[in-house]
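# Provided below for reference: sequence and predicted model.
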Amino acid sequence: MSDTNEKIPLNRDKRMAWWREARFGMFIHFGLFSIPAGEWKGREIGSYSEWIMNKAEIPVAEYALLADGFDPRSFDADAIVCLAREAGMRYIVLTAKHHEGFALFRSRVSAFNSVDASPCARDLVGELAAACARVGIRFGLYYSHSQDWHHPGGAGNFWDPSQQGDYDAYLDTVAVPQVRELLGNYGPVSVLWYDTPRFMTAERAGRFQAVHAMQPELIVNNRLVSFDTRAAVTPGDTETPENFIPANGCPGRDWESCMTFNDNWGYRKSDLNWKSTETLLRNLVDIASKGGNFLLNVGLRGDGSVPEENAASLRSIGDWLGRHGDSVYGTQAGPFTRRMEWGRATQRLNPDGSVTLYLHVWQRPETGVISLPGLRLEPLSGRMLSTGIPVTAVLSEAGVDVVLPAKNGGELIDVAVLELPGIPEIEPDRPQLDELGRIVLSPLDAELSGPDDAKPVVTGVDGNATISNLTRSGEWRVIYNFEVPEGGLWLVSAELAIGAYQRLSVSLLGPHGTTVTTAFNASGEGMDDFSIKELGVMRLHPGLQALEFRSEMTDLRPLLARRFILTPIRERPAS
Ligand code: H79
């Protein structure tokens, strides 16, 4: 009886096995905030709808009255689980308690919960846990452990003095005991999703970690311990980039991009800015191509129902996954070092040593030929995943060229499958060096993303290739992946046409979606023609790097970008 001791958590690889296959999960935000749905006393309250108590500075006693009207009559756990399954999702994470402090489960340590404080007297955590168990979908819980705007001492409530109290006492009498209830009362819990770890020292985190042993298979995210110290203490099992996809994933770590369907986590009545099915599917594929999972959020309405727009979109994604699941579930990050304009790749290592390469084509070139740069291995065979139509792939000067059949009009993303005799070794990108030893990044090398109605686009060819439609700052992303031949200081300049008062920046991105270095430049007085602007100096390490270009505009001003040029600066040898 060696490894049957429940107190010993299974090692990470064993615990993560199902999660690494799963690729796609459903986040559910539900709480009292779902009732006002972004509006308080006839006034639209900005920022996230689930932050309404904070943003409208609603007193604790007044906010608690919402519980009297909490009536999730359309919360149907079986229907939600069924929808998640139809969408091809493999796990669900429900907000058991968000920052507002209201628990969606029976709690002995606080009556502020859906069973004791609301006439509905329902334990929604229990209902969803049971529904998940019935169909075998993994069940997970979000728990706001540090921020709690209701219980005295909980972090984050700056507006209501009646909520003041001792933070450690709050942890010991509310947060830790509630996590114990969640892990003890509902059968298997696969994921515990902490959030906003304000004030969470290693010692405080330890009080929660002691409880995790109740669920030996539990996967815990990286938000238990404060971000300054977590790397030293415990990084958690998963990185959790929020509302973005890191350019190079999170090398060496399991990771999951969580994302909103629109611009709120909680339901907001006025927010109809739903991402299109195509965007969501691209996100899923982009994330899979970098080895991560996609946790897509649904904000339930006040009555517990799923907005129809979300349900329809989820079913379309599931429909596509029904035909293309092989290219997503259980696959690994694609082998290519360079982003390719036509789409994204994933791969599967087969037991016999061969490799199946999946090419997700979301922008079919007019020629019908896509190239796989740096691939020096002749494919054994090729076919389209959903139709079986054969695909030819031939070695070219730069790698392998794949000749696609005509676009399948019925598919949002076509997938071509190549069988390779072994693991594809990708020749590293040659740095794009010009004759002066400078790295020149063309708009054609940029990875562009943004919301459907504000996506950067490239027009023109060669030296005139220009990134335009850079309108709403903070919403678009322009990222360059490139190889640095030599470490040291580099001057970053860019060929830009810019309007007045723009603050431009380039940031070197770290491995986990962090910013390592930033160089800034404030612009001239008026809109000008293209000219080379020096943005600043950065220290670059040799090897693959990702650079992000941004602007901070106060309003809509024109901005056009051409080449980015990195010039090595010779440092004086230290004397
Ligand atoms: O549950 C969702 C968010 O409510 C929660 N995490 C996701 C999964 C979250 N809490 N805080 N944050 C995310 C980031 C902090 C955002 C803030 Fe703000 C910026 C807090 C104050 C300024 C956004 C804008 C929230 C309030 C105003």
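Arrived safely.
# report the contact partners of residue 226.
By CB atoms under 8 Å, 6 or more residues apart in numbering, the residues touching residue 226 are 197-201. C-beta coordinates here come from the backbone N, C-alpha and C atoms, glycine included.
# which bits of the stretch 151-300 of the chain sit near the ligand?
Residues of the stretch 151-300 of the chain that fall close to the ligand, judged by CB under 6 Å from any ligand atom: 195-196, 242, 258, 265.
# would you point out the most distant pair within the residues you listed?
Spatially, the most separated pair among these is 196 and 258, at 13.1 Å (CB to CB).
# who has more neighbours out of those two?
Each of residue 196 and residue 258 has its neighbours counted (other CB atoms under 10 Å); residue 258 has more, 22 against 15.
# report pLDDT for the residue most central in space within the chain.
In the chain, the residue lying closest to the centroid (CA atoms, centre = their mean) is residue 257, at 1.9 Å. Listed pLDDT for residue 257 reads 96.
# ok, residue 132 next?
98.
# now residue 96
Looking at residue 96, its pLDDT stands at 99.
# shouldn't residue 26 be in contact with residue 295?
Yes: counting by CB atoms under 8 Å, residue 26 does reach residue 295; the two are 7.5 Å apart.
# what residues do those two have in common as contacts?
Taking CB under 8 Å, 6+ apart as the contact rule, residue 26 and residue 295 both touch residue 93.
# quick check: the residue of the stretch 251-400 of the chain found nearest the ligand vs residue 393, distance?
The ligand sits closest to residue 265 of the stretch 251-400 of the chain, with a gap of 4.1 Å, by CB to the nearest ligand atom. Taking CB to CB, to the nearest Å as the measure, residue 265 falls 43 Å from residue 393.
# looking at these two now, which is surrounded by more residues?
Neighbour count, other CB under 10 Å: between residue 265 and residue 393, residue 265 has more, with 27 against 23.
# show me the shaky parts of the stretch 351-500 of the chain.
Along the stretch 351-500 of the chain, the parts satisfying pLDDT under 70 run over 428-431, 452-453, 461-462, 500.
# out of the contacts of residue 226, grab the one that's most surrounded.
Using other CB under 10 Å as the neighbour criterion, residue 200 leads those with 24 neighbours.
# that one contacts residue 224, doesn't it?
Yes: judged on CB under 8 Å, residue 200 makes contact with residue 224 at a distance of 6.5 Å.
# who touches both of those two?
residue 145.
# count of neighbours near the nearest residue to residue 471 once chain neighbours are set aside?
Leaving aside its sequence neighbours, residue 471 sits nearest to residue 454 (CB to CB, 6 or more residues apart in numbering; 5.2 Å). Using other CB under 10 Å, residue 454 has 13 neighbouring residues.
# which residues touch residue 454?
When the contact criterion is CB under 8 Å, 6+ apart, the partners of residue 454 are 469, 471-472, 475-476.
# cool, residue 403 as well?
Contacts of residue 403 by CB under 8 Å, 6+ apart are 368-369, 391-394.
# mind checking which of those residues are buried?
Buried residues within these, counting neighbours by 16 or more other CB atoms under 10 Å: 391, 393.
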